[in-house]
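Student: no FASTA, just this:
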């Protein structure tokens, strides 16, 4: 009888447990954060990254603002930047050449801060292994900013984040459609 009481008590506890999930979708069924669980350029490996901009729906025609946080294996941010994605597909590669870590950025999309020098598609970066977080901040709705992103005017976008720039102390959702 005591064994039955214990089993019933244990089963009643299972009934009270609610469903928990590690990943949740927003009501629009679109993710707002993407986590790449591992990147590495150790042992002559490369990590290739591709991000696709939604081609349909609200804000699909405007550039997207994305926040990148490259973290080392201890979770410490080693590289952080904003990407202004104007075209449908963005690609990058993390590799190592002669022991120097680099991020290969083959297109003209703007990053703030600017990572690569004019005329180059390679940025020297402190990356070896870890994980990557990408936060979709939203579509840019201010027409002047859309024009700057579409023209790959990275200097203008960077100036908007500088001291006195319109984004420096603005609300995080300023000029964005989420």
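Tutor: That came in fine, so what should we check first? This structure is a prediction, so every number in the text was calculated from the model and none was measured.
Student: what about this protein, any weak spots by pLDDT?
Tutor: 1-31, 54-60, 168-175, 177-178 (pLDDT under 70).
Student: Who are the contact partners of the residue nearest in space to the middle of it?
Tutor: Nearest to the geometric centre of the chain sits residue 134, at 1.6 Å (Cα atoms, centre = their mean). Applying Cβ atoms under 8 Å, 6 or more residues apart in numbering to residue 134 gives the contacts 33-36, 51, 66-69. For glycine as for every other residue, the C-beta is placed from the backbone atoms N, C-alpha and C.
Student: centre of the chain versus the longest strand along the chain, how much separation?
Tutor: What stands out as the longest strand in the chain, according to DSSP state E, is strand 129-140. Taking Cα atoms, centre = their mean, to the nearest Å, one finds strand 129-140 lying 1 Å from the centre of the chain it belongs to.
Student: That one pairs with which strands, parallel or anti?
Tutor: strand 33-40 (antiparallel), strand 64-72 (antiparallel), strand 176-177 (antiparallel) (DSSP bridges).
Student: Ignoring the adjacent residues along the chain, who's closest to residue 107?
Tutor: Counting by Cβ to Cβ, 6 or more residues apart in numbering, residue 90 is the residue found nearest to residue 107 once chain neighbours are left out, at 6.4 Å.
Student: likewise residue 83?
Tutor: residue 66 (4.5 Å).
Student: Number of residues surrounding the nearest residue to residue 62 once chain neighbours are set aside?
Tutor: Once flanking residues are discounted, residue 62 sits nearest to residue 139: 4.1 Å by Cβ to Cβ, 6+ apart. Residue 139 sits with 22 neighbouring residues when counted by other Cβ atoms under 10 Å.
Student: Can you name the residues that contact the residue lying closest to residue 32 once chain neighbours are set aside?
Tutor: With sequence-adjacent residues excluded and distances taken as Cβ to Cβ, 6+ apart, residue 32 is closest to residue 136, at 5.0 Å. Residue 136 makes contact with 31-34, 64-66, according to Cβ under 8 Å, 6+ apart.
Student: Now, of the residues you listed, which are buried?
Tutor: For the contacts of residue 136, a burial check counting by 16 or more other Cβ atoms under 10 Å picks out 64-66.
Student: Confirm for me that residue 37 is in contact with residue 133.
Tutor: No: Residue 37 is not in contact with residue 133 according to Cβ atoms under 8 Å; the separation is 10.3 Å.
Student: picking that back up, what residues of the next helix or strand after the longest strand of the chain count as buried?
Tutor: Later in the chain than strand 129-140, the nearest helix or strand by DSSP states H and E is helix 143-150. Neighbour counts using 16+ other Cβ under 10 Å place 145-146, 148-149 of helix 143-150 among the buried residues.
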